[in-house]
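A.B. asks: dropping the sequence and predicted coords here.
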Amino acid sequence: MTTLPARPAQPAQPAQISQPAQISQPASAAEPRPARITAADVPADRRRGGEIRTLLSPRSVGSTSGFCGIAHLEPGERIAEHYHPWSEEFLTLVEGELTVDVDDVPTPLSAGQALFIPMHTRHRLRNTGTGPARAVFHLGPLAPRPELGHVDTETGPAEGS
């Protein structure tokens, strides 16, 4: 074992804080920046049933790897069956009860539970509880174009199902 000599006592000096280098050109407007979005400021999408609000997305904040939002379903409401050919979906139930039909297999969820839905997996959300259900979802990676990211396999209430 090697013993190092003791350091001579020195008065404490404040740490030197280096200033970041100045950016020589302005950052691109499309460059992602930290952002906060309020659900009440995002219009609800009801085409597929329930109330879906996509909060953080390439359009709203310039995200490049995925998007997320919230879903609200009243008792008896559903979000029509669909799948995502380019993305995995992470679904976390924060309030209420849901049954998620995953490739026709009913999968019950209670508040505090999460569900992973792989790419190409058909799924439908149904509020089978007696009160409202609120879920947070995240999908990633992004499809090459937004219109390729979601495939409906049944019509939603707003489409005349």
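C.D. replies: It's in.

A.B. asks: what's the lowest-mean-pLDDT helix or strand in the chain in contact with?
C.D. replies: When each helix and strand of the chain is scored by mean pLDDT, DSSP states H and E, helix 58-61 comes last, with a mean of 91. Contacts to helix 58-61, defined as C-beta atoms under 8 Å, 6 or more residues apart in numbering, come from residues 32-33, 35, 37, 42, 54, 64, 67, 142, 146. Any C-beta I mention is one placed from the backbone N, CA and C, and that applies to glycine too.

A.B. asks: wait, which of the residues you listed is closest to residue 157?
C.D. replies: residue 54 (18.7 Å; C-beta to C-beta).

A.B. asks: give the other helices and strands that the helix or strand where residue 53 lies contacts.
C.D. replies: Element membership for residue 53 (DSSP states H and E) is strand 51-56. Taking 3 or more C-beta pairs under 8 Å, 6 or more residues apart in numbering; DSSP states H and E as contact, the helices and strands that strand 51-56 lies on are strand 67-73.

A.B. asks: quote the end-to-end distance of stretch 79-89.
C.D. replies: Start-to-end span of stretch 79-89 (C-alpha to C-alpha, to the nearest Å) is 14 Å.

A.B. asks: what sits against residue 156?
C.D. replies: 46-49, 79-80.

A.B. asks: list the contacts for residue 152?
C.D. replies: Contacts of residue 152 (C-beta under 8 Å, 6+ apart): 48, 80-82.

A.B. asks: likewise residue 121?
C.D. replies: Neighbouring residues of residue 121 by C-beta under 8 Å, 6+ apart: 83, 102-103.

A.B. asks: how close does it get to residue 99?
C.D. replies: For residue 121, the distance to residue 99 (C-beta to C-beta, to the nearest Å) stands at 15 Å.

A.B. asks: nearest to residue 111, of the contacts of residue 156?
C.D. replies: residue 79 (17.5 Å).

A.B. asks: can you get me a residue count around the closest one?
C.D. replies: For residue 79, the number of neighbouring residues by other C-beta atoms under 10 Å comes to 26.

A.B. asks: before we move on, what SS does it have?
C.D. replies: Secondary structure assignment for residue 79 (DSSP: H, G, I helix; E, B strand; the rest coil): strand.

A.B. asks: just the one 10 residues further on next, same as before
C.D. replies: For residue 89, the reduced secondary structure class is strand; criterion used: three-state DSSP.

A.B. asks: nearest spatial neighbour of it, chain-adjacent residues omitted?
C.D. replies: What sits nearest to residue 89 in space, not counting adjacent residues and going by C-beta to C-beta, 6 or more residues apart in numbering, is residue 117, at 4.1 Å.
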